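Participant: Need coordinates for the following:
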Amino acid sequence: MGEIATSNRQIALFYKSNSIRAKKTLAYASTEGLQIQEIEIVKQPIVLYGDKTILVETPKDILKIL
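Facilitator: Next up, the predicted model:
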């Protein structure tokens, strides 16, 4: 199985393109001034930042990663 590279300088959001939760999270991150690398591959939105990983249940969950 492959590995996903992470960085302490970049937040990556893995999501499914038709996910309403992911779209709301991206919009929320934009209003908070966070730059997000978008990667469309998974059913449930997941955020990676350095060695931290969270499952996004609500758009504000993205702030837990900081």
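
Participant: SS state for the residue most central in space within the chain?
Facilitator: When CA atoms, centre = their mean is applied to the chain, the residue found nearest the centroid is Leu13 (2.5 Å). Assigned by DSSP: H, G, I helix; E, B strand; the rest coil, the conformation of Leu13 is strand.

Participant: For it, give me its contacts.
Facilitator: Residues near Leu13 by CB atoms under 8 Å, 6 or more residues apart in numbering: 22, 25-26, 29, 36-39, 45-47, 56, 62. To be clear about C-beta, it is placed using only N, CA and C from the backbone, and glycine gets the same treatment.

Participant: helix/strand/coil for the nearest residue to Glu32 once chain neighbours are set aside?
Facilitator: Once flanking residues are discounted, Glu32 sits nearest to Leu63: 7.1 Å by CB to CB, 6 or more residues apart in numbering. What three-state DSSP gives for Leu63 is helix.

Participant: and the gap between Leu63 and Glu3?
Facilitator: Distance of Leu63 to Glu3, given as CB to CB, to the nearest Å: 26 Å.

Participant: Between these two, which is the more surrounded one?
Facilitator: Between Leu63 and Glu3, counted using other CB atoms under 10 Å, the more crowded position is Leu63 (13 against 5).

Participant: Does the more buried one touch Gly33 like I think?
Facilitator: No - contact criterion CB atoms under 8 Å: Leu63 and Gly33 do not qualify, at 11.5 Å.

Participant: ok, which stretches of the chain are strands?
Facilitator: 11-15, 36-40, 46-49, 52-55 (DSSP state E).

Participant: and these as TSV, adding mean pLDDT?
Facilitator: Output for the strands of the chain, formatted as TSV (pLDDT from 0 to 100):
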stretch	mean pLDDT
strand 11-15	90
strand 36-40	88
strand 46-49	91
strand 52-55	92
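
Participant: pLDDT below threshold where in the chain?
Facilitator: Residues of the chain that meet the criterion pLDDT under 70 lie in 1-2.

Participant: And the residue nearest to Gln35 when sequence neighbours are not counted, how far from Ala29?
Facilitator: Excluding its sequence neighbours, the residue lying closest to Gln35 (CB to CB, 6+ apart) is Ile11, at 7.1 Å. Per CB to CB, Ile11 is found 8 Å from Ala29.
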